[in-house]
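Engineer: Take a look and give me a structure for this.
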Amino acid sequence: MIGHLVTSGTFTLDGGSWDVDNNVWLVGDDREVVVIDAAHDAEAIAAAVGDRRLTAIVCTHAHNDHVNAAAALADRLGAPIWLHPADEVLWEMTYPDRSPDAPLADDQEIVVAGTVLRVMHTPGHAPGAVCLYAPELETVFSGDTLFGGGPGATGRSYSDFGTIIDSLRTKVLTLPPETVVRTGHGESTEIGTEAPHLAEWIARGH
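Structural biologist: Okay, the predicted model is just below:
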């Protein structure tokens with residue numbers, strides 16, 4: 001039900017540029033699939049989709065390294081791009097002449113191959129950041145909101161530490177402890193591994 005590939009490219013913001021490896025997640029069955037975060041390499045992602053119907057390209061947020069293959073993939077496979085409207089300011093940095101196809105909203109449900117992905121608006125790393133919770137799969141796709149060891153970065157434009165902590169405290173870390181956290185970069189973790197450290201993160205962030 002869950003596919004994964006790692007793509008490599010560049011993250012650019014605030015005049016800086018960094019080489020990054022991104023996790024691209026696919027959820028579906030042998031007939032249809034959703035792509036979460038079309039990063040860097042539309043050809044490789046299309047190959048992972050194969051002959052399945054791509055029903056949506058869902059963006060956890062609009063930093064360029066998470067969306068820079070979205071338009072090419074959408075054009076190639078005819079799928080809509082979904083993004084929370086609060087991240088359009090970041091989206092326009094990569095795509096000034098193209099808008100996302102549909103808005104994401106808190107508590108929205110995306111269904112693919114009978115599996116529900118529940119949208120959780122989790123601002124902080126970016127104003128329109130979302131996590132996608134799949135209860136049946138005991139998984140949350142956290143984008144750059146939560147990693148093994150702490151919250152996503154909040155040191156650049158359009159991010160805020162207090163906001164990401166609120167998102168984690170009130171939404172993400174309330175998920176069942178056995179929930180696997182499939183992140184935007186690096187290794188997966190579990191809610192039960194990360195939740196006990198919230199106070200440490202708050203202290204570290206101030």
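Engineer: what residues does the helix or strand bottoming out on mean pLDDT in the chain touch?
Structural biologist: Within the chain, no helix or strand scores below helix 198-205, which has a mean of 92 by mean pLDDT, DSSP states H and E. Outside helix 198-205, the residues that touch it by CB atoms under 8 Å, 6 or more residues apart in numbering are 150, 151, 154, 161, 165, 168, 169, 173. Placement of C-beta: from N, CA and C, glycine included.
Engineer: Which residue ranges of the chain form strands?
Structural biologist: 2-13, 16-28, 32-36, 53-58, 81-83, 102-103, 109-112, 115-121, 130-134, 139-143, 146-147, 150-151, 180-183, 189-190 (DSSP state E).
Engineer: Single out the most deeply packed of those strands.
Structural biologist: strand 139-143 (a mean of 28; mean count of other CB atoms under 10 Å).
Engineer: What helices and strands are in contact with the helix ranked longest in the chain?
Structural biologist: Using DSSP state H to define each element, the chain has its longest helix at helix 161-170. In terms of contacts (3 or more CB pairs under 8 Å, 6 or more residues apart in numbering; DSSP states H and E), helix 161-170 is packed against strand 150-151, helix 198-205.
Engineer: by how many degrees do the longest one and helix 161-170 diverge?
Structural biologist: Our comparison of helix 198-205 with helix 161-170, counting by axes from the mean of the first three to the mean of the last three CA atoms, to 10 degrees, yields an angle of 180 degrees.
Engineer: then helix 198-205 to PDB, C-alphas only?
Structural biologist: Extracted in PDB, the C-alpha atoms of helix 198-205 (Å, rounded to 0.1, in the frame of the first residue of the first chain):
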ATOM      1  CA  LEU A 198       8.200  17.700  23.400                       C
ATOM      2  CA  ALA A 199       9.300  19.700  26.500                       C
ATOM      3  CA  GLU A 200      12.900  19.200  25.500                       C
ATOM      4  CA  TRP A 201      12.200  20.700  22.000                       C
ATOM      5  CA  ILE A 202      10.500  23.700  23.500                       C
ATOM      6  CA  ALA A 203      13.400  24.300  25.800                       C
ATOM      7  CA  ARG A 204      15.900  23.900  23.000                       C
ATOM      8  CA  GLY A 205      13.900  26.300  20.800                       C
END
